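Student: Fold the following and give me the result.
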Amino acid sequence: MSHRSEVEVFALRAAREYATARGLKLVAAFEDTLSGDVARMQVLRRVRRSFPQVPRAELDELVEELLTP
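Tutor: Presented below is the predicted three-dimensional model:
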């Protein structure tokens, strides 16, 4: 599995956990609103901590791609 695939799986798992913890559906948690932006930042922080070897720009782009409606 490539590191991109590993990051995608981890980011989606983190996103589901975030949404579930707040009692929201995944799509609702990451809407194009201020609260959705905060949710994406929370997931991005977890991803960055778990994958420090991957360039930040790549992680930023991947999380935005996966979690922006």
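Student: Tell me where the longest helix sits in the protein.
Tutor: What stands out as the longest helix in the chain, according to DSSP state H, is helix 3-21.
Student: and the residue lying closest to residue 51 once chain neighbours are set aside, how far is that from residue 36?
Tutor: Spatial nearest neighbour of residue 51, chain neighbours left out: residue 7 (5.6 Å); criterion: CB to CB, 6 or more residues apart in numbering. No exception for glycine: its C-beta is placed from N, CA and C like everyone else's. Note on residue 7: its distance to residue 36, by CB to CB, to the nearest Å, is 20 Å.
Student: same check, this time on residue 11
Tutor: Taking CB to CB, one finds residue 11 at 15 Å from residue 36.
Student: now swap in residue 46 and tell me
Tutor: Relative to residue 36, residue 46 is positioned 16 Å away (CB to CB).
Student: go on, residue 26?
Tutor: Counting by CB to CB, the gap from residue 26 to residue 36 is 11 Å.
Student: and those two? which has more neighbours close in?
Tutor: residue 36 (17 against 14; other CB atoms under 10 Å).
Student: immediately after the host helix or strand of the more buried one, which helix or strand?
Tutor: Secondary structure from DSSP states H and E places residue 36 in helix 34-50. Toward the C-terminus, helix 34-50 is succeeded by helix 56-67 as the next helix or strand (DSSP H and E).
Student: what's that next one in contact with?
Tutor: The contact list for helix 56-67, computed with CB atoms under 8 Å, 6 or more residues apart in numbering, reads 4, 7-8, 11-12, 15, 30, 39-40, 43-44, 47-48, 51.
Student: ok, now which ones touch the nearest residue to residue 6 once chain neighbours are set aside?
Tutor: Counting by CB to CB, 6+ apart, the nearest residue to residue 6 once its immediate chain neighbours are dropped is residue 51, at 7.6 Å. Applying CB under 8 Å, 6+ apart to residue 51 gives the contacts 3, 6, 7, 10, 59.
Student: where's residue 62 relative to residue 20, distance?
Tutor: 21 Å.
Student: Compare these two (neighbour count), which wins?
Tutor: residue 62 (18 against 12).
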